[in-house]
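**Student:** coords please:
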Amino acid sequence: MMTVETNRYHMQQKPANPSKHNSEWSPVDVEEMKAFTGITVYMGIVKLPWLRMYWRTDVLIQQQAVSSIMVSHTLHANMEIFSPCG
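**Tutor:** Numbering: from 1, shown residues only. Here you go, the predicted model:
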């Protein structure tokens, strides 16, 4: 249901705000939604000052649990469009 509503929300918002939704979009599938949800929970537990730090390669702050699952621009796109209220 979350994937259907997220994809529907994107399709509804794109015509209303074309400049905001000018990046490439591919519909979210169940696996991507599971990854997004898991990463969001992980980021709530392992807090870093800046979102981009989860993809840093510095051994002191490297977060392979995030960077190996999803690239940063995909996470940002999903965060921008994700609508838990449908």
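
**Student:** helices and strands of this structure: which one has the lowest mean pLDDT?
**Tutor:** helix 72-81 (a mean of 77; mean pLDDT, DSSP states H and E).

**Student:** next one: that one to chain centre, how far?
**Tutor:** 3 Å (Cα atoms, centre = their mean, to the nearest Å).

**Student:** Then stretch 14-33?
**Tutor:** For stretch 14-33, the distance to the chain centre is 11 Å (Cα atoms, centre = their mean).

**Student:** quick one: terminal-to-terminal distance for that stretch?
**Tutor:** 20 Å (Cα to Cα, to the nearest Å).

**Student:** Need the contact partners of it.
**Tutor:** For stretch 14-33, contacts defined as Cβ atoms under 8 Å, 6 or more residues apart in numbering pick out 2-3, 6-7, 10, 13, 36, 70, 73-74, 77-78, 80-81. (C-beta placed from N, C-alpha, C; glycine too.)

**Student:** quick check: mean pLDDT across it?
**Tutor:** Mean per-residue pLDDT for stretch 14-33: 76.

**Student:** Quick check: which element contains residue 27?
**Tutor:** Using DSSP states H and E, no element contains residue 27; it sits outside every helix and strand.

**Student:** Quick check: the two most widely separated of the contacts of stretch 14-33?
**Tutor:** Greatest spacing in the contacts of stretch 14-33, by Cβ to Cβ: 13 and 70 (21.3 Å).

**Student:** More neighbours: the two, which one.
**Tutor:** residue 70 (18 against 15; other Cβ atoms under 10 Å).
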